[in-house]
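[1] Below are the sequence and a predicted model; questions follow.
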Amino acid sequence: MLRYQNRRLTIFWFLGPAVISLLLVGIAPLVFAVYTSFHRYQLTNLRSTPFVGFKNYLFVLTDGVFWEAMGRTFTLLLMSLPIQIALGMGIALLLHKPGLGYLRTLTRLGLVIPMATTYAVVGLLGQVMFNIKYGVINQLIGFLGVSPINWLGDSTNAFAAVVFWDIWQWTPFCALVLLAGLTTVPGEVEEAAKLETKNWWKVLRHVQLPFLIPGLTALFILRTADTLKLFDMVFTMTRGGPGSATELISLLIQRVGFRAFDQGLASAQAIILLILTIVLSMLYIRFFYKEVAQ
Amino acid sequence: MNRRAIPLGDVALLLLIILFCVFPFYWMVTTSLKTQVVALSTPPVWAFEPTFSNYTTVLFDEKVGASLINSLIVAVCTTALALLLGTPAAFALARFEFRGKRDLWFWFITNRMVSPIVLALPFFLIVRSFKMLDTHIALILIYLTFNLPIVIWICTDQFRSIPKDLDEAAVLDGAGPLRVFWKICLPLAAPGVAVSAIFSFIFSWNELMFALVLTRNAAKTAPAMAVGFMEGYNLPYGKIMATSTLIVIPVVIFALIASKQLVRGLTMGAVK
């Protein structure tokens, strides 16, 4: 290791600015959110912001609207993640086959496009493509003999549209993560297994899967975190509607805080969401990394 | 395995995948070239005479041009700031030994997990009390919450991959840590720094929620502008898609350039 003089001071000069700025923009607001969550903090009446103790928290925890939004968020995760992983696995296995040449490169480039597309634009595209009258989706399913569907005006269908875009945008990510995992399988091991059996499922289950566990872990963690964060796409496509059919947790907090102007309540919701995120990440890490270690 | 014999089924599947990925993009671009009358025809039209009128309208009459410039200012400044603050921190994390290093690194990375809406509420109030609503600087600062971690994450790895012999030789020659960092390690880490800059730019450019909350007119970014078109009954499809195309094109180009590292950049916080 290097030996510098005044090591502590040196380390401070290198790390200090980053740490301090992240404390200021990342942690200070959180502290302030904790403060507002214990007060009545209406944007329309900031003159009087009395301390109300746990009142906001009690309200949130017993509030059906909050838990419904939470439920919708996890429903979205539970509906889209299995499909993303199944499709992603299929694409990864396909791309892993030898001898595809430039078609593989082309596919990999194609897969980049959904991931890079601005979330807000995906939502706007949703409005255009899923429109009942002018939308191309109804035209395409019309070719298959299906009569036009009222996508965005109907609760169930609007939620399906959100699931569809989530799958469109993040299946490529799953595919590429799993493909990276497949390439870590030692070539000799895989070839030996393939000589042994023609059954791809057996090869996947017994030979390739152990090498995919880190990638799958990453996908579980990241997709959970990203679904809890999901805002832009849903906001631009449905604004949480119709009614509250697609009001995910971050849309609910945004509505309470900035359209109902109740910052105290919204902060309490946000803090509960934050605690949940931390607990979930810790559970995931503990559970999965134990699996990996075995 | 015979290289020439690609099964036709596989080819068809791959083409289907490409089509699935690219079709919405294609539809966005073609819709942006349609007049309102063509865009609002039932059933949708596939062959039509393209027009650039939507682009000229949004760029010159609708302030989308100004909002793109705002997006550019914010994304470039926040990226530059993240690099300025993040690369020395990454260097320290890669090269120095000190107590709590792992915890510090972990703290930087776990910022990825926090939902931005949690920060948006209090940050809005703070910015408001400083009378900084609708300014570039507010967005530049809040975007650090996701840019700084990504820069630190990618650059720490990059610095670690540079052999230590080089620094040690320089130290023997009497170079101080700043000199080692600036003259030796940073130039060698250029690829990683560039990739982290691209990520930082893409994430900032794409961001909508903070922009929606923190800006009104003067500093409004392009995604927030595009959302503004969604009001009213008769949606100007062509204009919305023209704005969308202008937003997405630079991101897609950057993402294709960094496509090899894209997955790595997106897995931050879940891979060691």
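    That came in fine, so what should we check first? Computed from a prediction, not measured in an experiment: that's the story for all the values here.

[2] domains in chain A, as residue ranges please.
    Using automatic domain parsing, the domain parsing of chain A gives A:1-26, A:64-258+A:266-293.

[3] Where do the helices of the stretch 101-250 of chain A begin and end?
    A:102-116, A:119-129, A:136-143, A:155-182, A:187-196, A:200-202, A:209-229, A:232-238, A:249-254 (DSSP state H, counting those that start in this stretch).

[4] I'd like to know which elements the last one is packed against.
    Helices and strands touching helix A:249-254, as assessed by 3 or more C-beta pairs under 8 Å, 6 or more residues apart in numbering or on different chains; DSSP states H and E, comprise helix A:64-96, helix A:209-229, helix A:232-238, helix A:263-293, helix B:116-129, helix B:209-214. For the C-beta atoms, the positions are set from N, CA and C on the backbone; glycine is no exception.

[5] could you give the mean pLDDT of it?
    In this model, helix A:249-254 has a mean pLDDT of 94.

[6] returning to what we had before: least confident of the helices and strands packed on helix A:249-254, on average?
    helix A:263-293 (a mean of 80).

[7] tilt between that one and helix B:116-129?
    For helix A:263-293 against helix B:116-129, the angle by axes from the mean of the first three to the mean of the last three C-alpha atoms, to 10 degrees is 140 degrees.

[8] Can you spell out which helices and strands pack onto helix A:263-293?
    Using 3+ C-beta pairs under 8 Å, 6+ apart, helix A:263-293 sits against helix A:28-37, helix A:55-61, helix A:209-229, helix A:249-254, helix B:116-129.

[9] Pull up the gap between whichever residue of the stretch 51-200 of chain A sits closest to chain B and A:Q169, please.
    Nearest to chain B, among the residues of the stretch 51-200 of chain A, is A:A116, at 3.4 Å (C-beta to the nearest C-beta). Separation of A:A116 from A:Q169 (C-beta to C-beta, to the nearest Å) stands at 10 Å.

[10] re earlier: out of the helices and strands packed on helix A:263-293, which comes closest to B:A222?
    Across the helices and strands packed on helix A:263-293, B:A222 has its closest neighbour in helix B:116-129 (18.0 Å, C-beta to C-beta).

[11] Are the helix or strand following the closest one and chain A in contact anywhere?
    Downstream of helix B:116-129, the next assigned helix or strand under DSSP states H and E is helix B:136-142. Yes - using C-beta under 8 Å from any C-beta of the partner chain, we find that helix B:136-142 touches chain A at B:L141, B:I142.

[12] Run through who's touching helix B:136-142.
    Residues outside helix B:136-142 that contact it (C-beta atoms under 8 Å, 6 or more residues apart in numbering or on different chains) are A:25, B:70, B:73-74, B:77-78, B:81, B:119, B:123, B:127, B:132, B:210-211, B:214-215, B:219, B:221.

[13] From what I see, A:F38 and A:T49 are in contact.
    No - the criterion here is C-beta atoms under 8 Å, and A:F38 misses it with A:T49 at 10.1 Å.

[14] Quickly list what's touching both of these two.
    Common neighbours of A:F38 and A:T49, using C-beta under 8 Å, 6+ apart, are A:G264.

[15] ok, the two, which is more surrounded?
    A:F38 (18 against 15; other C-beta atoms under 10 Å in any protein chain shown).

[16] confidence score at that one?
    92.

[17] quick revisit: how about the domains of chain A in TSV, adding mean neighbour count?
    Compiled in TSV, those are given as follows (neighbours: other C-beta atoms under 10 Å in any protein chain shown):
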stretch	mean neighbour count
domain A:1-26	16
domain A:64-258+A:266-293	19
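
[18] Which among those is found nearest to B:K164?
    domain A:1-26 (7.5 Å).

[19] Tell me how far the closest one lies from the chain's centre.
    How far domain A:1-26 lies from its chain's middle: 32 Å, per C-alpha atoms, centre = their mean, to the nearest Å.

[20] Report whether stretch B:52-69 contacts chain A.
    No - using C-beta under 8 Å from any C-beta, stretch B:52-69 never reaches chain A; the gap is at least 12.3 Å.

[21] and that stretch, how far apart are its ends?
    Taking C-alpha to C-alpha, to the nearest Å, stretch B:52-69 runs 20 Å from one end to the other.

[22] can you check stretch A:251-264 too?
    End residues of stretch A:251-264 are separated by 16 Å (C-alpha to C-alpha).

[23] what's the burial count for B:A94?
    B:A94 has 19 nearby residues by other C-beta under 10 Å.

[24] quick one: contacts for it?
    Residues counted as contacts of B:A94 (C-beta under 8 Å, 6+ apart) are B:C155, B:T156, B:D157, B:F159, B:R160.

[25] now it: how far from chain A?
    From B:A94 over to chain A the distance is 10 Å, taken as C-beta to the nearest C-beta, to the nearest Å.

[26] So, low pLDDT: which residues of chain B?
    Where chain B drops to pLDDT under 70, the residues are B:1-6, B:232-233, B:268-272.

[27] so what's residue 156 closest to, chain neighbours aside?
    By default, I'm working from chain A. A:A245 (7.5 Å; C-beta to C-beta, 6 or more residues apart in numbering or on different chains).

[28] that's the wrong chain, I wanted chain B
    What sits nearest to B:T156 in space, not counting adjacent residues and going by C-beta to C-beta, 6+ apart, is B:A90, at 4.3 Å.

[29] Distance of that neighbour relative to B:L246?
    33 Å.

[30] okay, those two: which has more neighbours?
    Neighbour count, other C-beta under 10 Å: between B:A90 and B:L246, B:A90 has more, with 32 against 22.

[31] after whichever strand or helix holds the more buried one, next one along is what?
    Using DSSP H and E, B:A90 maps to helix B:64-95. Going down the chain from helix B:64-95, the next helix or strand is helix B:101-110, by DSSP H and E.

[32] got the contact list for that next one?
    By C-beta under 8 Å, 6+ apart, helix B:101-110 touches A:15, A:18-19, A:22, A:281, B:89, B:93, B:148-149, B:152-153, B:156, B:268-269.

[33] still on that earlier bit, want to throw the contacts of B:A94 into TSV with neighbour count and secondary structure?
    Formatted as TSV, these follow (neighbours: other C-beta atoms under 10 Å in any protein chain shown; DSSP: H, G, I helix; E, B strand; the rest coil):
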residue	neighbour count	secondary structure
B:C155	27	helix
B:T156	24	helix
B:D157	16	helix
B:F159	23	helix
B:R160	14	helix
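
[34] Quick check: A:L179 touching A:G90?
    No - between A:L179 and A:G90 there is no contact, the gap being 11.1 Å when judged by C-beta under 8 Å.

[35] A:L265 contacts A:L61, doesn't it?
    No - contact between A:L265 and A:L61 fails when scored by C-beta under 8 Å: they sit 11.7 Å apart.

[36] who's more crowded, these two?
    Set A:L265 next to A:L61 and count neighbours by other C-beta under 10 Å: A:L265 wins out with 25 against 13.

[37] Apart from its neighbours in sequence, what residue is nearest residue 48?
    Here I'm looking at chain A. By the measure of C-beta to C-beta, 6+ apart, the closest residue to A:S48 outside its immediate chain neighbours is A:R40, 7.6 Å from it.

[38] Actually, chain B is the one I wanted.
    In space, B:F48 is closest to B:V38, 5.0 Å off (C-beta to C-beta, 6+ apart).

[39] To what extent is that neighbour buried, counted in neighbours?
    18.

[40] go on, the one 4 residues further on?
    Burial of B:T42 is recorded as 13 neighbouring residues (other C-beta under 10 Å).

[41] how about it, what does it touch?
    Per C-beta under 8 Å, 6+ apart, neighbours of B:T42: A:K133, A:Y134.

[42] can you tell me how far it sits from A:L125?
    Counting by C-beta to C-beta, the gap from B:T42 to A:L125 is 18 Å.
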